[in-house]
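*Asks:* after the sequence you'll find the predicted model.
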Amino acid sequence: MIAVRDLVVRFDRKGAPAVAGVSFAIEKGETFGLVGESGCGKSTVLRAIAGLVPGHSGDVLLDGRPVPARRDRAFYSRVQMVFQDPYGSLHPRQTIAAQLAEPLRNLGLNGGPARVDRALETVGLDPAFRWRFPHELSGGQRQRVAIARALIVEPEVLLLDEPTSALDVSVQAEILNLLTELRRRRGLTYLLVSHDLAVISHMCGELAVMQRGRILERLDVERLRAGTVEHPYSAELLAASEAYGELRPA
């Protein structure tokens, strides 16, 4: 459904690339994870796919077809992104209704109050939330709104940039379960970035381990849970993870 071939991103012409020749492919309806320490380039990969990083090289393909260097409406109607910080990604002075209606307007899609209400209900929020502002919501509610905003244009692919890392632990599982159910019901394809191996283990079928802008190892979730990784850095991630005990099968 979405593929990346030899993606390279440079922020400094004289320095090392932030992303150096990354390639992977995700089948329709699957969840693929990118995992690694902060600064390894995994979020930059998402932003490059979304067209938020100008000047990258390599190919991005959607359903087998190359996407234009300047992403167009057709791309954003099929691919949407959910950011790490739900408060930072929402406008503090706009109502939830206005923020959900904005992507419809930007993409020239029909919509109205009924569509906004359905989007809120899809993520488990009462339509009455449409009149609230972001500061009146909890962190989990704000992230549900961010997910609703991505889904309201009915995309096929979601790019998920650490979607639960800014939330309380008690809320993280609710959001992950919501994303899992939405993927199942809608046949969505996810690219999930996380530093949390427990999140990757819960959500993904396959994953890639990144370090210093490169993919070091690809593996399926069964190997992750069993701890049968090959690269020394992957083994270090497992050993250092606070959630390592949760990765092993019951």
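*Replies:* Noted; the coordinates are in hand.
*Asks:* can we go C-alpha only for contacts and neighbour counts from here?
*Replies:* Will do.
*Asks:* what's the distance between Q94 and A20?
*Replies:* Distance, Q94 to A20, using CA to CA, to the nearest Å: 39 Å.
*Asks:* of these two, which one has the most company?
*Replies:* Remark: of Q94 and A20, A20 carries more neighbours, 19 against 13, as counted by other CA atoms under 10 Å.
*Asks:* which is the succeeding secondary structure element to the helix or strand that contains the more buried one?
*Replies:* Using DSSP states H and E, A20 maps to strand 19-26. For strand 19-26, the following helix or strand on the C-terminal side (DSSP H and E) is strand 31-35.
*Asks:* neighbouring strands - and their directions - for that following strand?
*Replies:* Taking DSSP bridges as the criterion, strand 31-35 sits next to strand 189-194 (parallel), strand 206-211 (parallel) in its sheet.
*Asks:* now render these as JSON lines, adding mean neighbour count and mean pLDDT.
*Replies:* As requested, the strands paired with strand 31-35 are exported to JSON lines (neighbours: other CA atoms under 10 Å; pLDDT from 0 to 100):
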{"stretch": "strand 189-194", "mean neighbour count": "24", "mean pLDDT": "96"}
{"stretch": "strand 206-211", "mean neighbour count": "21", "mean pLDDT": "95"}
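*Asks:* need those in TSV (columns: distance to L104).
*Replies:* Below are these laid out as TSV (distance: least, CA to CA, whole Å):
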stretch	distance to L104
strand 189-194	21
strand 206-211	32
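*Asks:* which of the ones you listed sits closest to L107?
*Replies:* strand 189-194 (20.5 Å; CA to CA).
*Asks:* using PDB, write down the CA coordinates of the strand holding A20.
*Replies:* Coordinates of each C-alpha in strand 19-26 appear next as PDB, following Å, rounded to 0.1, in the frame of the first residue of the first chain:
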ATOM      1  CA  VAL A  19      17.900   9.500   6.900                       C
ATOM      2  CA  ALA A  20      20.300   7.500   4.800                       C
ATOM      3  CA  GLY A  21      18.900   5.100   2.200                       C
ATOM      4  CA  VAL A  22      15.900   3.800   4.100                       C
ATOM      5  CA  SER A  23      13.600   1.300   2.200                       C
ATOM      6  CA  PHE A  24      10.600  -0.700   3.300                       C
ATOM      7  CA  ALA A  25       7.100  -1.600   2.100                       C
ATOM      8  CA  ILE A  26       3.800  -2.100   3.900                       C
END
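*Asks:* so where's this protein shaky on pLDDT?
*Replies:* For the chain, the stretches with pLDDT under 70 are 242-250.
*Asks:* no further questions, thank you.
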